[in-house]
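S.K.: This is a predicted model, with the sequence first.
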Protein chains: 4
Amino acid sequence: MTLRYGFLGPEGTFAHAAARRLAGVESGDVVLVPLPGVTQAIDAVRAGAVDGALVPLENSVEGGVPATLDELVADPPLIITAEVFLPVVFDLLVRPGAELINVKTLATHPHAEAQVRRYLMTELPTAAVTMVSSTAGGAKLVADGEFDAAVAPPIAGELYGLEAAAHDIADRPGAVTRFVLLTPPSSPPPATGNDRTSLVTFLSENRSGALIELLSELSTRGVNLTRLESRPTKASLGEYCFFIDCEGHIADQRVGDALAALHRVCADVRYLGSYPRTDGEQGPVLEGRSDEAFVDAAHWLAAIRSDGTS
Amino acid sequence: MTLRYGFLGPEGTFAHAAARRLAGVESGDVVLVPLPGVTQAIDAVRAGAVDGALVPLENSVEGGVPATLDELVADPPLIITAEVFLPVVFDLLVRPGAELINVKTLATHPHAEAQVRRYLMTELPTAAVTMVSSTAGGAKLVADGEFDAAVAPPIAGELYGLEAAAHDIADRPGAVTRFVLLTPPSSPPPATGNDRTSLVTFLSENRSGALIELLSELSTRGVNLTRLESRPTKASLGEYCFFIDCEGHIADQRVGDALAALHRVCADVRYLGSYPRTDGEQGPVLEGRSDEAFVDAAHWLAAIRSDGTS
Amino acid sequence: MTLRYGFLGPEGTFAHAAARRLAGVESGDVVLVPLPGVTQAIDAVRAGAVDGALVPLENSVEGGVPATLDELVADPPLIITAEVFLPVVFDLLVRPGAELINVKTLATHPHAEAQVRRYLMTELPTAAVTMVSSTAGGAKLVADGEFDAAVAPPIAGELYGLEAAAHDIADRPGAVTRFVLLTPPSSPPPATGNDRTSLVTFLSENRSGALIELLSELSTRGVNLTRLESRPTKASLGEYCFFIDCEGHIADQRVGDALAALHRVCADVRYLGSYPRTDGEQGPVLEGRSDEAFVDAAHWLAAIRSDGTS
Amino acid sequence: MTLRYGFLGPEGTFAHAAARRLAGVESGDVVLVPLPGVTQAIDAVRAGAVDGALVPLENSVEGGVPATLDELVADPPLIITAEVFLPVVFDLLVRPGAELINVKTLATHPHAEAQVRRYLMTELPTAAVTMVSSTAGGAKLVADGEFDAAVAPPIAGELYGLEAAAHDIADRPGAVTRFVLLTPPSSPPPATGNDRTSLVTFLSENRSGALIELLSELSTRGVNLTRLESRPTKASLGEYCFFIDCEGHIADQRVGDALAALHRVCADVRYLGSYPRTDGEQGPVLEGRSDEAFVDAAHWLAAIRSDGTS
């Protein structure tokens, strides 16, 4: 079966690079479908026009991607089934032969602009910067002659026949973006022993005690966090939900037990998927939190409830 | 069927009073069997000579009763199936016509002596105090002419024909002793909605963090403590086990789940029974900790594990 | 003395509205200085070109403003000395007489675009959207004839002689933006009894236990959170700092004691100011956390250390 | 100056052995004064008749000594200034030439009886056991011909010319008793780097959360517990106070800060002394809890409060 995955196009974006990497590890055929925005890519999944959307979730410099996070709490629900980490490199692309000193107009995407702001203020303080809907789109406009320069990934330079007047111009080098594949809900893939589980939780009460309680339900079961990000719930300032990534798979006893506990004590919990982790190795499971320990405790309890012996 | 319950005799002890009160609420016939000590009464249960032993567990002035606590962690295991709270009143008993001023010798039980020590130092500073194995036994010895006075419950005075030279002489009036009925393990009685569950826990590590962890497994599940008592494990000074009484019944989801968690994280947990509580009313169950909340969370988790929906 | 406050210009932006509101409550004269961006406004404070910068810190729909948050952890340090909450209303502005159906090009700021995205996809699906550096700047470009429409606050329509083809078009109505006045460090203003203290903390270890520890240092001292926002530290994915707003003033004993504790246990803590809170009333101080309780405890400890009495 | 220390006499008791060991390490002259009971020894300190009382605080088998614990919460306050750990060995003492088989009557102290109960039930099931006020007193009564045997420490056998019909008869060998020297309050001795601090705390509310709170105030400051013992407050069943021993000295910043916090949040805290620990070495001080860390944090806070810089 051929799978169709949407991504933020056009070709040459970081999302395109991430999508190609993901497609390379899928067992079947994958067709990559460029779409004009993150929201449109996710809408296409919900409408059934594509099987999944490969969208940016977070960036090591800018943090969470608001458009993606917002869609993860919208309806109908989607889940994450894979992740790709992609190093982010920005070039200042110009038409062949053009010089940096002559750049008067520049096009880029707001996320890219945020990561090269100090560079632009220093090196191109007088250039007019225009925000466009993708970095690759900006490169295309340079090739078309509408702008003098674009801030975009190197692959965009190759695709549109541009040259790098300056290479790797990010204010903070070494940035990484994490992309995730969103699909309609389905049975979780088998646990691999190095998995990640994502969820978003809404607190019943807006106080530090409620957040401590939430974190404690995870930590007492030996479920390690790999990410915690607060986001306004949009009801009012001061109301937050928390996006959480943790080690382990929903099929693990400790992870399932912790999520069931959160379901009980939080105002709401949305499960966002269990999938193979690709950025590190899971640590050892804490004593008393293994699947065996949970099964043993269940047997112990059942015996007591049955005849009082243990 | 006739049940046989052992108690710390002879007739006229506090244990006898407690045993009679308990027997009055049992549905069938109960025969009360006086035995010479707590240890002997419990041994008789273990040997099958009696069906249960009614023994003191704790006193509001003196704290836990070491002999009983020690037997609760010995083998083979026993469980608590009922409790009786008994007000403790001590009289200074003498033979009819005798006067306080002439008391030179006095017999009582060490637990009674501890509760009237200041009285004796003030009122009978020169009397020779001898420890005997029960307060009623002391009264009997006064009736027999072996001692001038006994510190014992009023019922002992009636039984042995003595008079109270002084009434209610405890250094702290209003003391209460809690007696429990110990039996071989059996299926827990049905939950009544106002139950108590007893257990003893041994910590894996001897640090405050381990005790906080233990208490948190209970409090996060909304299981309220009604008693916590530390006891040396007898391995060495500084090693403790913790006797815990909590609200609720082992059949309650939150109680069962908490005990299973303790079984996982503690070095050892011994279940000591679920039985009707007789000293107060259980508070309301915390939101998210009801049986319904646990069942709902289990269904929610099962659905996610099955097809990713929630 | 006349104070000079920079803001994200030109005139007609939300920042301008917030700055005018703030200036109205200052006791002395305030001159408002439009600057081309948040970064430039903050740079102007650091350079001494203005006395303060009024910048957006967070929005009830979009969350924290990355550019502002990043500057709050940059050097040299700045502190918050005042806050303004401003309702956010977006109009679709066109030249007088123009019609919605003829809008082919539209200019706005990325933050505004994020808040009207669904509206634009539905009502103007074919319009070309260009990002500009401020909403008011977009309105000016419409007045200049360079674009057909702008998404901007009503005040921008008045300033540039535009009409609202559609009013209050935000996907989620009722949004509020919180602006803060950043200045060089100075002695905190006196406590008013309804203050807020802001800080940013960096954890020594990246684990849920460290975050629980951080939150506990606040909650055990009865210091309530009003905001918690995680941000990547930019070192790598999975490393976060936490922006925290809490009730109370650095001069309050419980707040000072909590911050000193965080200073000890966190990798780093940056104080971001204590200032009057303008969005609600502070709750009652928890028992044992009042200034009196802290002073009393300090005297108690001093007496013990001096002569062993208490 | 000659110091006078009271102990539970007569000569030959465990308390005597402990008192001699303590006297051996005092720099000046010490006169040991035998007194008839723990209560009397402590009364003598309060009355100024002796400078201190060497009393048993806890035993590795029996737990806390109620008479001592009760006096530690009575008035006027006393503090602990030294501790002695003493191995406990019980012999079955008889007159020279007597045989075990002929023992019909036996005298001992209740604490000793509790530790040899199984032995007596097995080896001397028919002997009449009488409780006396000290083990050495029982030995003296054997020498006087009033009883056939005594359960007492070997030293009592030597003192009163008795023989051991059986040696080291405790049901659990290896028991240790911890004795403490109680004196009127005074300036704490200098910190040695391996000290212990004792206190007793009363909780404002009788719930597991209150105990977790209490323990957390210690653990978050890196103050390790070496002992926790609950005792009824004598108000009613279910109300407890907690005797706590922890590593460190009241002069240590982390210990002082923790005690001040407990003073704020508990219903009451009584300081029971800081003194050299004799049963082990203090572990390393946790990062951020050293005296230096506290001083540094205080300076940091003072600078912020003064001029906003840190």
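M.R.: Received it, and whenever you're ready, just let me know what you need. Residues are numbered from 1 along each chain as shown, chains lettered A, B, ... in the order given.
S.K.: which residues does the closest residue to chain C within the stretch 101-250 of chain A form a beta bridge with?
M.R.: Taking Cβ to the nearest Cβ, chain C has its nearest neighbour within the stretch 101-250 of chain A at A:M131, 2.3 Å off. Bear in mind the C-beta positions are built from the backbone N, C-alpha and C, glycine included. With DSSP bridges applied, A:M131 shows beta-bridge pairing to A:T108, C:M131.
S.K.: Contact partners for it?
M.R.: A:107-110, A:113, C:110, C:130-132 (Cβ atoms under 8 Å, 6 or more residues apart in numbering or on different chains).
S.K.: Give me the nearest residue to the residue in the stretch 101-250 of chain A that chain B sits nearest to, chain neighbours excluded.
M.R.: Nearest residue of the stretch 101-250 of chain A to chain B, counting by Cβ to the nearest Cβ: A:P185, 3.7 Å away. Spatial nearest neighbour of A:P185, chain neighbours left out: B:G308 (3.7 Å); criterion: Cβ to Cβ, 6 or more residues apart in numbering or on different chains.
S.K.: quick one: the closest residue to A:L124 other than its chain neighbours from D:L182, how far?
M.R.: Closest residue to A:L124 apart from its sequence neighbours, by Cβ to Cβ, 6+ apart: A:V103 at 5.8 Å. Distance of A:V103 to D:L182, given as Cβ to Cβ, to the nearest Å: 85 Å.
S.K.: So which of those two has more stuff around it?
M.R.: Counted by other Cβ atoms under 10 Å in any protein chain shown, A:V103 and D:L182 do not tie: D:L182 has more neighbours, with 29 against 21.
S.K.: what secondary structure does that one sit in?
M.R.: Under DSSP: H, G, I helix; E, B strand; the rest coil, D:L182 falls in the strand class.
S.K.: wait, what's in contact with it?
M.R.: Listed by Cβ under 8 Å, 6+ apart, the contact set of D:L182 reads D:42, D:45, D:52-53, D:55, D:71-72, D:78-81.
S.K.: what about 10 Å?
M.R.: D:5-6, D:38, D:41-42, D:45-46, D:50, D:52-55, D:57, D:68, D:71-72, D:77-82, D:272-273 (Cβ atoms under 10 Å, 6 or more residues apart in numbering or on different chains).
S.K.: Can you turn the buried part of these into a PyMOL selection?
M.R.: With 16 or more other Cβ atoms under 10 Å in any protein chain shown as the criterion, this PyMOL line picks the buried residues out of the contacts of D:L182:
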select buried, chain D and resi 5+6+38+41+42+45+46+50+52+53+54+55+57+68+71+72+77+78+79+80+81+82+272+273
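S.K.: in which helix or strand would I find the residue sitting nearest the centre point of chain A?
M.R.: Centroid-nearest residue in chain A, with Cα atoms, centre = their mean: A:L57, separated by 2.1 Å. Per DSSP states H and E, A:L57 falls inside strand A:52-59.
S.K.: Past that strand, which element shows up next along the chain?
M.R.: As the chain continues past strand A:52-59, the following element, by DSSP H and E, is strand A:63-64.
S.K.: Remind me what that following strand packs against, helices and strands.
M.R.: Applying 3 or more Cβ pairs under 10 Å, 6 or more residues apart in numbering or on different chains; DSSP states H and E, we find strand A:63-64 packed against strand A:52-59, helix A:66-72, strand A:225-232, strand C:63-64, helix C:66-72, strand C:225-232.
S.K.: Next, format these as a markdown table and append mean pLDDT.
M.R.: Shown next, in a markdown table, are the helices and strands packed on strand A:63-64 (pLDDT from 0 to 100):
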| stretch | mean pLDDT |
| --- | --- |
| strand A:52-59 | 94 |
| helix A:66-72 | 90 |
| strand A:225-232 | 85 |
| strand C:63-64 | 84 |
| helix C:66-72 | 90 |
| strand C:225-232 | 85 |
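S.K.: I'd like the ones you listed laid out as CSV, including distance to C:A136.
M.R.: Formatted as CSV, the helices and strands packed on strand A:63-64 follow (distance: least, Cβ to Cβ, whole Å):
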stretch, distance to C:A136
strand A:52-59, 28
helix A:66-72, 22
strand A:225-232, 24
strand C:63-64, 22
helix C:66-72, 17
strand C:225-232, 27
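S.K.: Tell me which of these sits most buried.
M.R.: Mean neighbour count, computed with mean count of other Cβ atoms under 10 Å in any protein chain shown, is highest for strand A:52-59 among those, reaching a mean of 26.
S.K.: List the neighbouring strands of it plus their orientation.
M.R.: Strand pairing (DSSP bridges) places strand A:52-59 next to strand A:3-8 (parallel), strand A:63-64 (antiparallel), strand A:176-183 (antiparallel).
S.K.: can I assume A:D171 sits in a helix?
M.R.: No. Counting by three-state DSSP, A:D171 is not found in a helix; it is coil.
S.K.: I'd say it and A:Q115 touch.
M.R.: Yes. Using Cβ atoms under 10 Å, A:D171 is in contact with A:Q115, at 6.2 Å.
S.K.: For those two, indicate the residue with more neighbours.
M.R.: A:Q115 (23 against 18).
S.K.: surely that one meets A:P153?
M.R.: No. At 11.7 Å, A:Q115 and A:P153 do not qualify as touching, with contact defined as Cβ under 10 Å.
S.K.: Do the strand or helix carrying A:A139 and chain C come into contact?
M.R.: Taking DSSP H and E as the definition, A:A139 sits inside helix A:135-143. No. No part of helix A:135-143 sits close enough to chain C to count as contact by Cβ under 10 Å from any Cβ of the partner chain; the gap is at least 10.8 Å.
S.K.: Can you name every helix or strand that that helix contacts?
M.R.: Short answer (3+ Cβ pairs under 10 Å, 6+ apart): helix A:135-143 packs on strand A:3-8, helix A:14-25, strand A:91-94, strand A:105-108, helix A:110-115, strand A:128-131, strand A:149-152, helix A:154-160.
S.K.: possible to save those as JSON lines with mean pLDDT?
M.R.: As requested, those are arranged in JSON lines below (pLDDT from 0 to 100):
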{"stretch": "strand A:3-8", "mean pLDDT": "94"}
{"stretch": "helix A:14-25", "mean pLDDT": "88"}
{"stretch": "strand A:91-94", "mean pLDDT": "96"}
{"stretch": "strand A:105-108", "mean pLDDT": "93"}
{"stretch": "helix A:110-115", "mean pLDDT": "84"}
{"stretch": "strand A:128-131", "mean pLDDT": "84"}
{"stretch": "strand A:149-152", "mean pLDDT": "96"}
{"stretch": "helix A:154-160", "mean pLDDT": "92"}
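S.K.: Pick the most deeply packed of the ones you listed.
M.R.: The highest average neighbour count among the helices and strands packed on helix A:135-143, using mean count of other Cβ under 10 Å, belongs to strand A:149-152 at a mean of 30.
S.K.: The residue of chain A found nearest chain D - nearest residue in space that isn't next to it in sequence?
M.R.: Nearest to chain D, among the residues of chain A, is A:G209, at 10.3 Å (Cβ to the nearest Cβ). Nearest residue to A:G209 in three dimensions, chain neighbours excluded: C:S219, at 5.7 Å (Cβ to Cβ, 6+ apart).
S.K.: Distance check, that neighbour against D:S216.
M.R.: 10 Å.
S.K.: Mind naming the longest helix for chain A?
M.R.: Counting residues, the longest helix in chain A under DSSP state H turns out to be helix A:291-307.
S.K.: which other helices and strands contact that helix?
M.R.: Against helix A:291-307 (3+ Cβ pairs under 10 Å, 6+ apart) you get helix A:253-265, helix B:253-265, strand B:268-276.
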